[in-house]
Every structure is written in C-alpha cells, then in structure tokens.
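sharing a model prediction with you, sequence too.
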Amino acid sequence: LMPVLAALGVDPNVIRWVNPIQMRAGVDTATLAALTRSATCSLLASRGEGFGLPALEAQAVGTPVVLSDFTAQTELCKEYGSLVGGQLGWDRVQESWYKIPNVLQIRDALLRNYERWQGKLVDGKMQHEVDRHLLASQVQEYDADRVYAEKWQPLFEKIASGEIKLGADAQKPVPVNRAA
C-alpha cells in the first residue's frame, strides 16, 4: 500500500495503521469505538459491499466515510461522507456485478476529509468543519431496536394475522429457471 500512496502523492505521516496482532486477538467495543473515532475518515470503498455495517459504525462515533457509489453504500453515506465511482465488471462465477473503485477519486475524497479536519482558529479555539454529533445522529435510523420496532415487528404481525401470506401456493408450484 505504501508504494501506491507514494505514487498518489499522499504524505505517509497522515496515515494511521492498525496493530495487526491486536486486530486478530480482538478489541473490546469501547476501544474499537475510540480507534474509529480517532480517524479523520474511514475508507470502505469495496467492489461490492452489501449492507455496510462498518460504515454505520464509523459514522455512529462521528467519523466520516469514503464509500463506493455502488450497492447499499449510497444509502449509508451521510453528512461529510464521500462516494467514489469506479468501473463496472461482471463476475461470471457469482453471477453479479461489481465495481472497481476509482483510486484517484479515493485519493481526492481522502484529501477532502483531511482538509476538513485541519480546522480554523476561532476565538482561540480550533473549530473543525466536521460536526461529529450531527453525523452520529444521522445513523440513528439504523438502530437495531428502532428497526425492529418500526419495520420487523409490524411485518411479523401481518404475517401472523394472515394479512401477508408466505411461500408459493402448494397447488401451483413456482418453476425456477436460472438460465432463463
């Protein structure tokens, strides 16, 4: 990774590396939150992330994210976050699309986040452009208890009441043809 960063002109002193021994052994929730909060942003640009829980976790502690503009990531990118484009490709084995993130757009997004953290001196205090509390509040819609109460519980009640029927009619099987 260091040669790629050097080729892009990124100052190696602005990069923080995770201790791989500690990551294999695991860290407690409070330490993980503190580590995530200490970053100026979290880079999570993937080729095909499903529902990116790490993006929500980073933003929940006020850390902006850099995500691919693909799959559910676009919905998860909140205030101060950046979406990067890329090149679409087709995976024949998984029968699905993927997107290779654009490295130059990643670099630009990382630089924007870094500049936001430089801050300005106002009345003797450093003020940063990123409002961590605002960012953290924006991901509350994904709180597990809230999602269950507002989405899952009403669905289960409709299923239990018979308002929603699950499965195919036993008298009329539904043919499945993946080749079609």
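Nice, I can see it. Only a predicted model underlies this, so the values are computations on that prediction, with no experimental measurement involved.

contacts, neighbours, all on C-alpha from now
OK.

ok but residue 79 is inside a helix, no?
No - using DSSP: H, G, I helix; E, B strand; the rest coil, the assignment for residue 79 is coil, not a helix.

next one: the spatially most central residue of the chain from residue 42, what distance?
Nearest to the mean C-alpha position of the chain, by Cα atoms, centre = their mean, lies residue 55 at 2.6 Å. Using Cα to Cα, to the nearest Å, we find residue 55 at a distance of 8 Å from residue 42.

which residues are in contact with each of these two?
Residues touching both residue 55 and residue 42 (Cα atoms under 8 Å, 6 or more residues apart in numbering): residue 65.

now stretch 117-133: how far from the chain's centre is it?
In terms of Cα atoms, centre = their mean, to the nearest Å, the centre of stretch 117-133 is found 25 Å from the chain centre.

contacts for that stretch?
40, 61, 62, 63, 80, 116.

all helices of this protein, in order?
Here the chain has its helices, by DSSP state H, at 2-7, 20-25, 29-37, 53-60, 73-76, 103-118, 132-138, 144-147, 153-161.

kindly reformat those helices as JSON lines containing distance to residue 95 and mean pLDDT.
Shown next, in JSON lines, are the helices of the chain (distance: least, Cα to Cα, whole Å; pLDDT from 0 to 100):
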{"stretch": "helix 2-7", "distance to residue 95": "30", "mean pLDDT": "83"}
{"stretch": "helix 20-25", "distance to residue 95": "32", "mean pLDDT": "71"}
{"stretch": "helix 29-37", "distance to residue 95": "34", "mean pLDDT": "89"}
{"stretch": "helix 53-60", "distance to residue 95": "24", "mean pLDDT": "92"}
{"stretch": "helix 73-76", "distance to residue 95": "20", "mean pLDDT": "90"}
{"stretch": "helix 103-118", "distance to residue 95": "25", "mean pLDDT": "90"}
{"stretch": "helix 132-138", "distance to residue 95": "34", "mean pLDDT": "91"}
{"stretch": "helix 144-147", "distance to residue 95": "30", "mean pLDDT": "92"}
{"stretch": "helix 153-161", "distance to residue 95": "30", "mean pLDDT": "93"}
